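Visitor: take this sequence and fold it.
(one chain, ligands or ions: 1)
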Amino acid sequence: MRMPLIAGNWKMNGDVAGVEKFADEFEISQDIIEKRQMAICPPLTLMSAWRAAAESKPHIKLGAQNAHWKSSGAYTGEVSPGMLKEAGCWCCIVGHSERRQYFGENDADVNKKMNALLDAGLVPIVCVGETLEEREAGKMEQVITTQVSGSVLASADRGDLSVIVVAYEPVWAIGTGKTATSDQAQEVCGLIRKLLSDKLGAASADAIRILYGGSVKPDNMSELMSKPDIDGGLVGGASLKASDFMGIVGYKE
Ligand code: 13P
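Guide: Here you go, the predicted structure:
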């Protein structure tokens, strides 16, 4: 039984006042806390403010949006998984399409980052997803297969991949208000589970959580979560407002 995970990706948004407001307003029932995991991934500069503001809410785990694969060294502007761990992080997003698109990250980079996060004891949330152009050219399956193979399954020999999380985020649904239908999302999340199962075996694939991301809102979360291979959400815009994020985390079964 996979526990649902709802992670908020604040991207390059927010400030200290916003963190305090969010933490103040975020209230969720004990029942939800017991059956769903939740995380917020703010910009690095807001992490200590987050930890102070959300001290009384340890059920909201802290996450990062990126990490380097080395543990230390002359990599100006980068942060290592060990540093994130020390800053209180539980998880870290890697391979987000915005990093692939604007910062030239490829599957091999993402795989190195995933390995480094696992080595540091963090939960990697590995993102994959096709562009509209790729979908319309009938290449969705090929793109997802290549990304999952290169980003995740290149580490099949590690033997500890059950803890990772894979996020399917169709690029055309990010920040566009255009959510994939629950059937479209299920089709790809099912494909990802099959790819994982073929290489890692059914037991590992059944343990790995697969999230959907792309215009997730309080009013579409229940429908997405009704699908067998969707185990949660990676939420951008709607995670910046406590009331919206509460609505998503508290979706009706
Ligand atoms: P939106 O929820 O704003 O579409 O963003 C999705 C996303 O990129 C989360 O990582």
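Visitor: tell me the pLDDT of the residue positioned nearest the centre of the chain.
Guide: The C-alpha lying nearest the average C-alpha coordinate of the chain belongs to Ile125 (Cα atoms, centre = their mean; 4.3 Å). Predicted confidence (pLDDT) at Ile125: the value is 98.
Visitor: backbone phi and psi for it, please?
Guide: For Ile125, the backbone dihedrals (degrees, to the nearest 10) come out as phi -110, psi 100.
Visitor: test my guess that it contacts Trp90.
Guide: No. The pair Ile125 / Trp90 is not scored as a contact, 10.5 Å apart, by Cβ atoms under 8 Å. The C-beta positions use only the backbone N, C-alpha and C, and glycine is treated the same way.
Visitor: what is in contact with those two at once?
Guide: Gly63 (Cβ atoms under 8 Å, 6 or more residues apart in numbering).
Visitor: do a quick rundown of the helices in the stretch 51-200 of the chain.
Guide: 81-86, 97-102, 107-119, 132-136, 140-151, 182-200 (DSSP state H, counting those that start in this stretch).
Visitor: weakest of those in terms of mean pLDDT?
Guide: Among those, helix 132-136 scores lowest, at a mean of 94.
Visitor: which residues of the stretch 51-200 of the chain lie near the ligand?
Guide: His96, Glu169, Ile174, Gly175 (Cβ under 6 Å from any ligand atom).
Visitor: any chance of the helices of the stretch 51-200 of the chain in CSV, plus mean neighbour count?
Guide: Below are these laid out as CSV (neighbours: other Cβ atoms under 10 Å):
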stretch, mean neighbour count
helix 81-86, 19
helix 97-102, 17
helix 107-119, 20
helix 132-136, 14
helix 140-151, 19
helix 182-200, 19
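Visitor: could I get those as a markdown table with distance to Lys252?
Guide: Formatted as a markdown table, the helices of the stretch 51-200 of the chain follow (distance: least, Cβ to Cβ, whole Å):
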| stretch | distance to Lys252 |
| --- | --- |
| helix 81-86 | 34 |
| helix 97-102 | 29 |
| helix 107-119 | 33 |
| helix 132-136 | 30 |
| helix 140-151 | 29 |
| helix 182-200 | 14 |
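Visitor: relative to Asn13, which of those helices is closest?
Guide: Shortest distance between Asn13 and the helices of the stretch 51-200 of the chain, using Cβ to Cβ, is found for helix 97-102: 12.3 Å.
Visitor: sketch out the low-pLDDT regions of the chain for me.
Guide: Residue ranges of the chain with pLDDT under 70: none are present.
Visitor: quick one: the strands in it?
Guide: Taking DSSP state E as the criterion, the chain contains strands spanning 5-9, 37-41, 60-64, 91-94, 123-128, 165-168, 209-213, 232-235.
Visitor: looking at those, which is buried most?
Guide: Greatest average neighbour count among those goes to strand 232-235 (a mean of 29), per mean count of other Cβ atoms under 10 Å.
Visitor: what about Gln65, distance to Ala154?
Guide: Going from Gln65 to Ala154 by Cβ to Cβ, to the nearest Å gives 22 Å.
Visitor: neighbours of the residue of the stretch 101-250 of the chain found nearest the ligand, how many?
Guide: Nearest residue of the stretch 101-250 of the chain to the ligand (Cβ to the nearest ligand atom) works out as Gly236 at 2.2 Å. Look at Gly236: counted by other Cβ atoms under 10 Å, it has 21 neighbours.
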